[in-house]
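Peer 1: output the structure for:
(3 chains)
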Amino acid sequence: MGVVCVYPYPVPEEKSGQQVVDTIQKQLELLGAHKSGNFFVDCESYQSNLQTATQQRLLHLFHNSEQPATCFSVLDNGMCLVSDLLFEVLILKLAEKKSGKDSYYQQRKGFKVESKGQRYELGDFIIKVGSVIVASNFRGILIEVEYSPCVIPSECWNLMKEFIQSFMGNIAENPPAHIKSKMDTVYTPEDTIQQYLEHFNNFRKATSASVPATPNR
Amino acid sequence: MADNQTDALIEAINFTQMLRASVTKVFDNLADGFQDSQGNEKALLNEFQKSLLAVNNDFNELERVGNGLYPLSVNSPNSVHLSIDPATDKTPLYSQLIQSYKWSNKAHELAGYVIGPLDQNAKLKRSMLIGSTLQAKKLRRVPPSGHAATTVYVDNIVTRLDQKMPDISMSITRPLGSSAILQVSLGKILKAVVALRGLIIEWVTVKGYQEDLYSEDGKVDLWSQSRYQVFRKVNDSATAATLHFYSPHNAELALQSFLHWFQSYKTLFSAPCSKCGKHYHQGSPPTWRDLRNTDPYHDVCKP
Amino acid sequence: MDSTGPMGQVLSSRVAPLLENFLQGSVLDTSKDVLIHRLRGLCDNAENQPEIFHDHEIVFIMQGNPNQQPMYFHVRHSLIHPESWHVRYLGVAEVGDKNKLTLIRHCVDAGASSNVVDFLNEMGFKIDYEFIAKGYFFHKGRMKVTVSKLYKILQPGSTDQVEPLSQSHLVELSVVAPRVQEQIGEDMKNFAEQLKPLVLLEKIDHKRLQQSLESR
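Peer 2: So this is what the prediction gives:
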């Protein structure tokens, strides 16, 4: 597990998402990257249903195919619990309506976000070209680049920047906002999830904003 | 004729043998002495005469056969060539000997001149050899001792080097008797296992910060490679460097130079290549460090 | 058991051991060593020293309005390996009829990162009670035996100042399996037989226990 940077890739109006994905993939293959399977990062959200608590809580449950036996639970205050996959069952227990009793947490329908696509490797770099799907609609592209041997972002940022710019242009002028605050600490898989959460929230916002305007999309 | 000759020769040899046997018998009898307790002197004399007669007979026989032999011809087939053997006087042996003697004299003389300047250079490396040439001659034959350093000595040197190099932290384990295994870690960048024999570096394995130096059974893992391409490349460079710095006469300096060079990998990910000025090249940062001035280079940019 | 709802989905989609068959009993402190010897002989790895554990267990409760059933999560933190944290959900133990040889309850185990206590607090859980469990762990095949002494924590937050809860050790025999299997009950019953008369491992009805305590 090394340092990961996640960037959204703009999809121009005149092109479809698939076309843009194809272009990026072709470019990666020209650079010498080879395919190494598929990947996914998904997120489901649960809302608390507690009268006694002062405020409503939102809990995001993440899976990342890079850590297949782990699930990440992120609260809306940013706290993240890393646990075995079975922790999800505990959350489901809380969301379960049993014998007419109410549940403590409730799954938010139509809130599932997923980024999935092809995984590439080039030397020690891992590149993932993900199509973001919100409630089974294509919403955009997220590109994840990982430099696996290094754990300190400030050490390898310049190297990663050069590499990312070689196929994505100037999108990666600065490190992702989440990493910026912790350039000198050891990078953990949790930091990847936090980056995805930020992007997923943006996509959701864009979705809820654009839905009334173009209901057909 | 030849057959006759051969038969006669065989006959002669037989008679010679008979003659020798009878003569030996006479002398044997004489040497043993005649002991006569019964006063039978006559019988003894008779016997002596009989043996002398046998000698005489044999001799006559031999003489008879010998007269029948004629001398062998000296002209055996190959011996005729002896005449064309070159005369020693006629070969230029002497002048050639003189020539080579002069040559070897000259070489000896020149070697004498050369040893002066060469010796001065040698003194730079082996400062302990300063002193009388006699002493130097003796010391030069001292075998390298780097491999035989005691454990206490190795411990001391390693702790000293550890303090001297702020970026490196080292620890010693001895899983296999007295040979030390050095675990070197360089910040949060990489780790290495260095196997020592005495103070001489025998083996280096480089791995990433997050990779485990221990195998599953809890032993230090000397052999497995790193998962990451970049550390495998560093490993190759480090192995080459151990050969570059190898010096069995001054193993401490060799270890120190190696570690000093190795220290330069703390900028493995952050330093750009000294030649092309870039960080990234074909999936790797600059993984090669110059052995003298530790400048970073990509594999393909090496000077 | 639950065939509907998300729980059912998980049960059917993922193979995860979710049902715990268990028997409980207790042994006086004075006879504990004899039992440990017995168990070392009966269980696997007899040649090794028995594994010990020293855990701090915090039980969290989530309680809402009367229309919401209270939910308990057990967090265990090993004091021997302080980096290891563990969350466990335990359902209500079902006594069942005579045919069922053991108690059965739902059980979900998950290892978690060290911020689990804060995380559960943020989720709306409150600490219900906590205790220290210290003891020995054995296994024979898939059967797990723990002999543990429970301690009361005198000062909240301090795991050093403790006081034993009783003069005896708790003995638990359990098997976690994905579904109800008759064979497990048989095996456990047989094993329990071998520990008699040192310790009686039985189906202890928790509800009746609670009622008798309350009536006292």
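
Peer 1: how many neighbouring residues does residue 192 have?
Peer 2: You didn't pick a chain, so chain A it is. 25 (other CB atoms under 10 Å in any protein chain shown). The C-beta positions use only the backbone N, C-alpha and C, and glycine is treated the same way.

Peer 1: not quite, go with chain B.
Peer 2: For residue B:192, using other CB under 10 Å, the count is 24.

Peer 1: ok, now the one 5 residues further on?
Peer 2: Close neighbours of residue B:197, defined as other CB under 10 Å, add up to 16.

Peer 1: can you pull up the bridge partners for it?
Peer 2: residue B:200 (DSSP bridges).

Peer 1: do you know how far it is from residue B:248?
Peer 2: 10 Å (CB to CB, to the nearest Å).

Peer 1: same question for residue A:34.
Peer 2: Separation of residue A:34 from residue B:248 (CB to CB) stands at 45 Å.

Peer 1: these two - which one has more neighbours?
Peer 2: For residue A:34 and residue B:248, the more surrounded residue by other CB under 10 Å is residue B:248, and the numbers stand at 14 against 9.

Peer 1: could you measure the residue nearest to that one when sequence neighbours are not counted against chain C, distance?
Peer 2: Beyond its immediate neighbours in the sequence, the residue positioned closest to residue B:248 (CB to CB, 6 or more residues apart in numbering or on different chains) is residue B:144, lying 3.3 Å away. Distance, residue B:144 to chain C, using CB to the nearest CB, to the nearest Å: 47 Å.

Peer 1: ok, now residue A:105?
Peer 2: For residue A:105, the distance to chain C - CB to the nearest CB - is 8 Å.

Peer 1: double-check that residue against residue A:56; I have them as touching.
Peer 2: No: counting by CB atoms under 8 Å, residue A:105 does not reach residue A:56; the two are 10.4 Å apart.

Peer 1: the more surrounded of these two?
Peer 2: Neighbours per residue, other CB under 10 Å: of residue A:105 and residue A:56, the larger number sits with residue A:105, 23 against 10.

Peer 1: and the more buried one, how far from residue A:204?
Peer 2: In terms of CB to CB, residue A:105 sits 18 Å off from residue A:204.

Peer 1: which residues in chain C form strands?
Peer 2: Ranges of strands within chain C are C:19-28, C:51-62, C:71-78, C:85-90, C:103-112, C:126-140, C:143-153, C:162-164, C:168-177, based on DSSP state E.

Peer 1: please identify which of the ones you listed is closest to chain A.
Peer 2: For the strands of chain C, proximity to chain A was assessed by CB to the nearest CB; strand C:103-112 is nearest, at 3.9 Å.

Peer 1: off-centre distance for the closest one?
Peer 2: The chain centre lies 9 Å from the centre of strand C:103-112; the measure is CA atoms, centre = their mean, to the nearest Å.

Peer 1: elements contacting that strand?
Peer 2: strand A:80-84, helix A:87-94, strand C:19-28, strand C:85-90 (3 or more CB pairs under 8 Å, 6 or more residues apart in numbering or on different chains; DSSP states H and E).

Peer 1: how about the residues of the stretch 201-303 of chain B by chain A?
Peer 2: Residues of the stretch 201-303 of chain B lying close to chain A by CB under 8 Å from any CB of the partner chain are B:208-210, B:227-231, B:268-270, B:272, B:278-280, B:282-285.

Peer 1: among the residues you listed, name the buried ones.
Peer 2: Listed as buried from those are B:208-210, B:228-231, B:268-270, B:272, B:279-280, B:283-285; burial here means 16 or more other CB atoms under 10 Å in any protein chain shown.

Peer 1: just to revisit the earlier point, now, which of the residues of the stretch 201-303 of chain B next to chain A lie within strands?
Peer 2: residue B:208.

Peer 1: contacts only, for residue 108.
Peer 2: Looking at chain A here, since you left the chain open. By CB atoms under 8 Å, 6 or more residues apart in numbering or on different chains, residue A:108 lies in contact with A:44-47.

Peer 1: try chain C instead
Peer 2: Here residue C:108 is in contact with A:86, A:89-90, A:93, C:16, C:18, C:88-89 (criterion: CB under 8 Å, 6+ apart).

Peer 1: run the last query once more with 7 Å
Peer 2: Neighbour list for residue C:108: A:86, A:89-90, C:18, C:88-89 [criterion: CB atoms under 7 Å, 6 or more residues apart in numbering or on different chains].

Peer 1: equivalent analysis for residue A:11, please.
Peer 2: Contacts for residue A:11 (CB under 7 Å, 6+ apart) come out as A:17, A:20, A:140-141.

Peer 1: picking up where we left off before, which one of the helices and strands packed on strand C:103-112 lies nearest to chain B?
Peer 2: Going by CB to the nearest CB, the one of these nearest chain B is strand A:80-84, 15.8 Å.

Peer 1: start and end of stretch B:261-275, how far apart?
Peer 2: Counting by CA to CA, to the nearest Å, you get 19 Å between the two ends of stretch B:261-275.

Peer 1: any idea of the mean pLDDT in that stretch?
Peer 2: Across stretch B:261-275, pLDDT averages out at 90.

Peer 1: so how far is it off the chain centroid?
Peer 2: 42 Å.

Peer 1: and if you look at stretch B:286-301?
Peer 2: 38 Å.

Peer 1: now the strands of chain C as CSV including distance to residue B:166 and mean pLDDT?
Peer 2: As requested, the strands of chain C are exported to CSV (distance: least, CB to CB, whole Å; pLDDT from 0 to 100):
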stretch, distance to residue B:166, mean pLDDT
strand C:19-28, 54, 89
strand C:51-62, 39, 92
strand C:71-78, 36, 92
strand C:85-90, 35, 91
strand C:103-112, 38, 88
strand C:126-140, 43, 91
strand C:143-153, 45, 92
strand C:162-164, 45, 88
strand C:168-177, 51, 90
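
Peer 1: got JSON lines for the ones you listed, with distance to residue B:292 too?
Peer 2: Shown next, in JSON lines, are those (distance: least, CB to CB, whole Å):
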{"stretch": "strand C:19-28", "distance to residue B:292": "67"}
{"stretch": "strand C:51-62", "distance to residue B:292": "56"}
{"stretch": "strand C:71-78", "distance to residue B:292": "52"}
{"stretch": "strand C:85-90", "distance to residue B:292": "51"}
{"stretch": "strand C:103-112", "distance to residue B:292": "51"}
{"stretch": "strand C:126-140", "distance to residue B:292": "59"}
{"stretch": "strand C:143-153", "distance to residue B:292": "62"}
{"stretch": "strand C:162-164", "distance to residue B:292": "64"}
{"stretch": "strand C:168-177", "distance to residue B:292": "63"}
